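In: Predicted model, plus sequence, below.
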Amino acid sequence: MMRTAILDANVVLSGLKSKSGSPFRVLQALEDERFEIAISVPLVLEYESVLSKHLDRAIFTDEDIRDFIDYLCRIGRPTEIYYLWRPILKDPFDDHVLEVAVASESPYIVSYNKKDFRAAKSFGIEIVSPFEFLKTLGGNT
């Protein structure tokens, strides 16, 4: 069974901004099918918003961003949220990330904001940095 994780928008953004580092290798591991992501409509909308606002627009066009979002939608496992766990996290804008993790039974949320997701541990979800997540995948990280 393939391992499932939720990628926080900060990890996706970091992975696209630099080809060196753990976030980029996490995105590469998606291509290699070493794990799958679960996605939801709110999470995809957040990805699109964050990437549109924070990527260097001299490098990434609107079309590039749309193509990448389409790619994530194509490879991601769509997850419907039937029960909202709000408010539970320190940052209420992160609650939808926890909700997709719970609904998809993903054991990991990959994020740089580990402290904001402390409550996720009560659901059996581990909050890991990109580097820590790569270690769970094993192999050549």
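Out: Perfect, thanks for sending it.
In: and the residue lying farthest from the centre of the chain, backbone torsions?
Out: Ranking residues of the chain by C-alpha distance from their mean position (C-alpha atoms, centre = their mean) puts Ala58 at the top, at 24.4 Å. Note on Ala58: its backbone torsions stand at phi -80, psi -20 [degrees, to the nearest 10].
In: same question, Pro92
Out: Backbone torsions for Pro92, taken as degrees, to the nearest 10, come to phi -60, psi -20.
In: Can you tell me, leaving aside adjacent residues, what's nearest to it?
Out: Once flanking residues are discounted, Pro92 sits nearest to Arg86: 6.9 Å by C-beta to C-beta, 6 or more residues apart in numbering. Quick note: C-beta positions are derived from backbone N, CA and C, even for glycine.
In: How about the contacts made by the one you found?
Out: Contact criterion C-beta atoms under 8 Å, 6 or more residues apart in numbering gives 92, 95, 99 as the residues in contact with Arg86.
In: how close does the first one get to Pro130?
Out: Taken as C-beta to C-beta, to the nearest Å, the spacing of Pro92 relative to Pro130 amounts to 24 Å.
In: repeat for the last one
Out: Noted for Glu99: a distance of 22 Å to Pro130, by C-beta to C-beta.
In: still on that earlier bit, quick check: pLDDT value at the residue nearest to Pro92.
Out: The score at Arg86 is 76. That number is its pLDDT.
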